[in-house]
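Participant: my questions are about this predicted structure, shown below with the sequence.
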Amino acid sequence: MNALPAEVANSKNRYADSPRNADYTIDQRWHSYTREEHDRWDRLFKNQTAILPGRAADEFTRAMLDLRLSEAGIPDMEKLSDRLEKMTGWRVVPVTDLVPDDIFFDHLANRRFPAGAFIRPEEEFDYLEEPDIFHDIFGHVPLLANPVFADFMEAYGKGGNRALELGQLKNLARLYWYTVEFGLIRSGDGLRIYGAGILSSPRESVFSLEDDSPNRVAFDLPRIMRTKHIIDDFQQTYFVIDSFEQLLETCYKDFANVYAEVRGQPDYEAHEIVAGDLILNEGSRRYFLDKR
Ligand code: HBI
Ligand code: FE
């Protein structure tokens with residue numbers, strides 16, 4: 001087989017010469033994905049869907065089916081958006097990688113989710129720092145089909161613009177981190193995963209629910225806003241919501257008074273247990289077994 005030119009083979013740079021719009025969106029050029037890239041998506045998809053039953057929140061699993069994300073190959077964001085938009089008004093827009101905060105919040109506030117359009121190179125199959133199309137579409141997009149979570153994500157975008165005005169971005173970014181990226185939710189059968197950073201990671205999908213080392217703490221907005229997070233390893237604390245309704249109700253307000261409450265307060269370390277924490281020890285499998 002003829003070797004592909006290096007810049008084409010190198011997934012991350014596939015859009016380096018693509019014209020970029022003012023809102024940082026690009027043309028996904030879906031037809032330019034190679035067979036290898038589609039095959040890599042299929043292997044990532046197969047690995048993850050083998051691990052998630054009994055671990056992913058039911059709302060996630062249902063949305064995957066509704067969005068027909070089980071089809072083979074890298075999704076065409078236009079076609080996926082046409083299905084998603086009919087459900088909750090959200091669309092998925094291709095970008096090359098992380099976009100500036102104000103651009104990011106403006107997209108979310110207008111029900112557009114900016115998804116990285118490159119797929120991770122084979123050498124980073126198990127883990128990569130930046131959000132690639134698998135993390136963004138497999139991890140983040142399904143729950144945008146859930147009406148309550150879809151409302152939360154729009155509210156988060158509007159809150160982001162406000163946080164920028166108030167200079168409170170660090171606190172708000174922690175809310176995103178400990179919910180949208182690494183959140184757990186209670187279910188009748190124990191804890192389940194809804195955070196995209198976990199859902200798109202085979203090892204953290206198991207670790208977050210069943211390992212003894214991390215703390216699992218009931219959702220508490222000021223507590224989260226003061227808690228440092230981990231960028232390049234599994235989290236040491238996972239926050240647990242009772243429901244997406246609880247998340248939306250708690251966050252669907254002006255955060256000015258919450259920012260005032262945390263302003264000047266010291267941060268908590270990522271592994272710290274704090275007076276007043278409601279520690280939830282039920283994992284999914286272990287909790288289920290103990291209940292018998
Ligand atoms: N923040 N400013 C900014 N820009 C992004 O692209 C961004 C982000 N926070 C989270 C995030 N992207 C990831 O969730 C991606 O997976 C979308
Ligand atoms: Fe993400």
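Facilitator: Perfect, thanks for sending it. Ligands and ions are numbered 1, 2, ... in the order given.
Participant: by contact count, what packs against the longest helix along the chain?
Facilitator: Among the elements of type helix in the chain, defined by DSSP state H, the one spanning the most residues is helix 147-166. Judged by 3 or more Cβ pairs under 8 Å, 6 or more residues apart in numbering; DSSP states H and E, helix 147-166 is in contact with helix 77-88, helix 101-109, helix 169-176, helix 244-251, helix 256-262. C-beta coordinates here come from the backbone N, C-alpha and C atoms, glycine included.
Participant: can you do 10 Å?
Facilitator: Using 3 or more Cβ pairs under 10 Å, 6 or more residues apart in numbering; DSSP states H and E as the contact definition, the elements that helix 147-166 packs against are helix 58-66, helix 77-88, helix 101-109, strand 112-116, helix 169-176, helix 244-251, helix 256-262.
Participant: buried residues, it. List them.
Facilitator: Within helix 147-166, the residues that count as buried by 16 or more other Cβ atoms under 10 Å are 148-157, 159-160, 162-163.
Participant: what do you get for stretch 82-100?
Facilitator: Under the neighbour-count criterion of 16+ other Cβ under 10 Å, stretch 82-100 has Leu84, Thr88, Trp90, Arg91, Val92, Val93, Pro94, Val95, Thr96, Val99 buried.
Participant: pretty sure the fifth one belongs to a helix, no?
Facilitator: Read it as Val92. No. Under DSSP: H, G, I helix; E, B strand; the rest coil, Val92 sits outside any helix and is assigned strand.
Participant: quick check, pLDDT for it.
Facilitator: The score at Val92 is 98. That number is its pLDDT.
Participant: how about it, what does it touch?
Facilitator: Contacts of Val92 were listed using Cβ atoms under 10 Å, 6 or more residues apart in numbering, and they are 28, 75, 77-78, 80-81, 84-85, 112-115, 117, 133, 136-137, 140-141, 144.
Participant: how close does Phe152 sit to Ser200?
Facilitator: Counting by Cβ to Cβ, to the nearest Å, the separation of Phe152 from Ser200 is 19 Å.
Participant: cool, Ser81 as well?
Facilitator: Counting by Cβ to Cβ, the gap between Ser81 and Ser200 amounts to 19 Å.
Participant: again, but for Phe125
Facilitator: Applying Cβ to Cβ, one obtains 12 Å for the distance of Phe125 from Ser200.
Participant: and if you look at Asn21?
Facilitator: In this structure, Asn21 and Ser200 are separated by 26 Å, where distance is defined by Cβ to Cβ.
Participant: and these two? Which one has more around it.
Facilitator: Using other Cβ atoms under 10 Å as the criterion, Asn21 and Ser200 rank with Ser200 on top: 23 against 10.
Participant: and that one, backbone torsions?
Facilitator: Per-residue torsions, Ser200: phi -100, psi 10 (degrees, to the nearest 10).
Participant: now do it, the pLDDT please.
Facilitator: In this model, Ser200 carries a pLDDT of 96.
Participant: check Asp290 too.
Facilitator: With respect to pLDDT, Asp290 scores 46.
Participant: residues near Leu143, how many?
Facilitator: The local packing of Leu143 (other Cβ under 10 Å) involves 26 other residues.
Participant: give me the low-pLDDT residue ranges for the protein?
Facilitator: Within the chain, the segments meeting pLDDT under 70 span 1-10, 282-292.
Participant: what residues does it put near ligand 1?
Facilitator: Leu98, Val99, Pro100, Asp101, Phe104, Pro114, Pro131, His135, Asp136, His140 (Cβ under 6 Å from any ligand atom).
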